[in-house]
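Predicted model and sequence follow; I will ask about them next.
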Amino acid sequence: MHSRFSEKWLETVCSLLPDVHSAVFMVPDQANNQLHLLASWPETLDKHKDFLATVKYALKKKGEICFSRALVIDGQALDYFAKPVYIRAKLAGVLAIKMKHLPAAKHLSVFHSLRRSVKWLGLASFEKPESGNDEFYSHVVGVLASCFEQGSYQQGLMRMVAELTSHFNCERVAFAELQGHHCKVIALSNSAEFDQRSNLVRKIADAMDEAVEQDSAILFPNAESKVIQRAHQELARKFGSGSIATIPLITERKVFGAITLLCSEELPLEAKTLELCQQTLSLLTPFLALKRDQERGILPKLWDSMRDGLASLFGLRHLRAKLITSLVATCLVLSSLVEANFRVTADAVLEGEVQRVVAAPISGYLLSSSVRAGDTIRQGEVMASLNDAELKLELTKLKGQVQKLRREYREAQSARDLVKVRVIKEQINQANAEIKLVDQQLASINLTAPFDGVVIEGDLSQMLGSPVERGDALFKIAPLEGYRIILKVDEREISYVEEGQAGSLTLSSLSKWDLPLKIERITSAAKAEDGANIFRVEASLPSAPDALRPGMEGIGKIDAGRERLVWIWTHEIVDWFRLWVWSWWP
């Protein structure tokens, strides 16, 4: 970029910021190894090395930086601000400013001004311009600088329309802001004061509205133009203008206002002149908007901010995100107002009210097994058998021993040995008792069902021939009627459960049925299961269909009153968060 243009631009930037001490615009070489000074302000600045550290740090961070109270000169604290300048995704240089210390709350406004200044700089070509273009840009920056040398925004506008009138040889130049949906003329060359109701001003405003509504610059007369030019034709007819040009002013994708140039028949505007004027105004418009915003009061700024926020919220941009956000917000509001049934959910297991264990009556070896878990049995039906070979051998042995003792008994009686007779008699009684015990064991060698029911535990088909000890539980049987529900309620939800509450049960194998239940008993001790502490809650089924079988599993829900939906959905995580905060709170 040409140094003179950069100096003019830097001078304008410094004029927009309060209490600037000095500023530099430095550009890196192609290898980004060294920095070269392209422009400085004021022009008499002879020392710029104190900016190097700030510029290098901004390049390292690739973003905006601020060093507060980095330097004190003559008892006054100074701040350093720096911003890398990127034009068309390429690093153009670094803008660094040294200014009077500001509170941290005002740093954002400084960076905002720098961003807008950089946007304006990006409108200029970043290649080395030809001499004619360089003169053009220098003239534009000169116009801009002369505008902001004025004491107020209005005076700056008057100076701008005067400069444009002189530069483009116009009879009049009018500037208008877009207020609401119509343009309002607020600056008119060769007229310090004018009446908004005058015919000239009204016709100029109509011509500006015509250009803004069509979003196009209008040059009249122009036979090749396809845009509507009625307002321009009326303005030329009534006030005798040779040619008229109106250019809408755009900044940040919004219409800021419009400028109308009125020329005589001797010096009419040409298409090339209109294009040159458009380039000039595209560079001037951002700074005009910035200057106007700086002079506006707090209330108008708050109103604009509120209006922009509402437009962003209710406008058509990002419609999908807005619809989703509105839907979520509506759901949150409704959930905080609407009440619903709060139900405690727990895993459930169906058990019989009576459960009987079939145990091994004696020690022995498993001979056969005819049932397994899930089979339905009838009372007296043989479920399993033990091997009786050892018992039969023991019985044969005992019977032979009894016969031997009886012979000895008769011999003792013949010999009249009363003591021996008494001893042998007791031995015979003992042997008979052992025979009776073996008979009883042989009678119980077959395990039979004590009642009609279903086998809920026990599968001995893979254990045939293995030893069993007396008292080993081989089967567990439950009757086919009379059930209870065991609900495994998490300890975080147990406080909402009370005896007598109603609920419903849905079993995995009978998912179409919703069975009513009633809480009967709550255990007082927790039990660790699957990594969580649970309480066993017993519930009864007022009506049990025939399809139920012990051991079925499902989900039970206990009615615990009515609560707001938002509480129902969030109470678990809120309780967890409250406990977590309390555990860390000193």
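Everything's here; your move.

What segments of the stretch 201-350 of the chain are helices?
230-239, 271-295, 298-314, 319-337 (DSSP state H, counting those that start in this stretch).

any idea which of these scores lowest on pLDDT?
Here these differ in mean pLDDT, and the lowest is helix 298-314 at a mean of 74.

Any buried residues in that one, and which?
Judged by neighbour count (16 or more other CB atoms under 10 Å), helix 298-314 contains no buried residues. C-betas here are computed from N, CA, C, even on glycine.

Stretch 524-539 now?
Under 16+ other CB under 10 Å, the buried positions of stretch 524-539 are 534-539.

Keeping just the C-alphas, turn stretch 200-219 into CSV.
What follows is stretch 200-219, C-alpha atoms only, in CSV (Å, rounded to 0.1, in the frame of the first residue of the first chain):
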residue,chain,number,x,y,z
LEU,A,200,-36.6,21.0,-3.8
VAL,A,201,-35.9,19.1,-0.6
ARG,A,202,-39.0,17.0,-0.9
LYS,A,203,-38.3,16.1,-4.5
ILE,A,204,-34.6,15.2,-3.6
ALA,A,205,-35.9,13.0,-0.8
ASP,A,206,-38.3,11.2,-3.3
ALA,A,207,-35.4,10.6,-5.7
MET,A,208,-33.4,9.1,-2.8
ASP,A,209,-36.3,6.9,-1.7
GLU,A,210,-36.5,5.7,-5.4
ALA,A,211,-32.9,4.6,-5.4
VAL,A,212,-33.0,3.0,-1.9
GLU,A,213,-36.1,1.0,-2.7
GLN,A,214,-34.6,-0.4,-5.9
ASP,A,215,-31.2,-0.9,-4.1
SER,A,216,-29.4,0.6,-7.1
ALA,A,217,-27.5,3.7,-8.0
ILE,A,218,-29.5,5.8,-10.5
LEU,A,219,-28.0,8.1,-13.2
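
for the record, mean pLDDT for that stretch?
Rounded mean pLDDT across stretch 200-219 is 90.

So which bits of that stretch are buried?
200-201, 203-212, 217-219.

returning to that earlier point: I'd like the helices of the stretch 201-350 of the chain laid out as TSV, including distance to residue 492.
TSV is the format used below for the helices of the stretch 201-350 of the chain (distance: least, CB to CB, whole Å):
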stretch	distance to residue 492
helix 230-239	74
helix 271-295	55
helix 298-314	39
helix 319-337	21
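
which stretch among those helices comes nearest residue 173?
helix 271-295 (9.8 Å; CB to CB).

what number of residues lie near residue 520?
Number of residues near residue 520 (other CB atoms under 10 Å) recorded here: 13.

which residues touch the spatially closest residue to residue 336 that is not a sequence neighbour?
Closest residue to residue 336 apart from its sequence neighbours, by CB to CB, 6 or more residues apart in numbering: residue 566 at 4.6 Å. Taking CB atoms under 8 Å, 6 or more residues apart in numbering as the criterion, residue 566 is in contact with 332, 335-336.

between those residues, which is nearest residue 72?
Ranked by distance to residue 72 (CB to CB), the contacts of residue 566 are led by residue 332 at 52.5 Å.

Not counting residues beside it along the chain, what's closest to that closest one?
Here the residue nearest residue 332, using CB to CB, 6+ apart, is residue 566, at 6.9 Å.

which SS class is that neighbour?
At residue 566 the chain is in helix, as set by DSSP: H, G, I helix; E, B strand; the rest coil.

Need the pLDDT of it.
At residue 566, the model reports a pLDDT of 87.

Same question for residue 124.
In this prediction, residue 124 has a pLDDT value of 54.

Also the one 5 residues further on?
Here the pLDDT value assigned to residue 129 is 43.

what do you get for residue 134?
Looking at residue 134, the pLDDT reads 53.

One more: residue 424?
So residue 424 comes in at 84 (pLDDT).

Make sure it is actually in contact with residue 410.
No - in this structure, residue 424 is not within contact of residue 410 by CB atoms under 8 Å, at 9.4 Å.

okay, these two: which has more neighbours?
Neighbours were counted for residue 424 and for residue 410 using other CB under 10 Å; residue 424 has more, 21 against 11.

helix or strand for the more buried one, which one?
Counting by DSSP states H and E, the element that carries residue 424 is helix 418-443.

in that helix, what's buried?
By 16+ other CB under 10 Å, the buried positions in helix 418-443 come out as 421, 424, 428, 431, 434-435, 438, 441-442.

How far away from the center of its chain is that helix?
87 Å (CA atoms, centre = their mean, to the nearest Å).

ok, the very next helix or strand once past that helix: who's next to it in the sheet?
Using DSSP H and E, the next helix or strand after helix 418-443 towards the C-terminus is strand 446-448. When pairing is defined by DSSP bridges, strand 446-448 lines up against strand 382-386 (antiparallel).

What are the contacting residues of the strand it pairs with?
Strand 382-386 is contacted by residues 358, 360, 362, 364-371, 377, 445-449, 455, 460, 468, 474-475 when judged by CB under 8 Å, 6+ apart.

repeat that with 6 Å
Strand 382-386 is contacted by residues 364, 367-369, 371, 445-449, 460 when judged by CB atoms under 6 Å, 6 or more residues apart in numbering.
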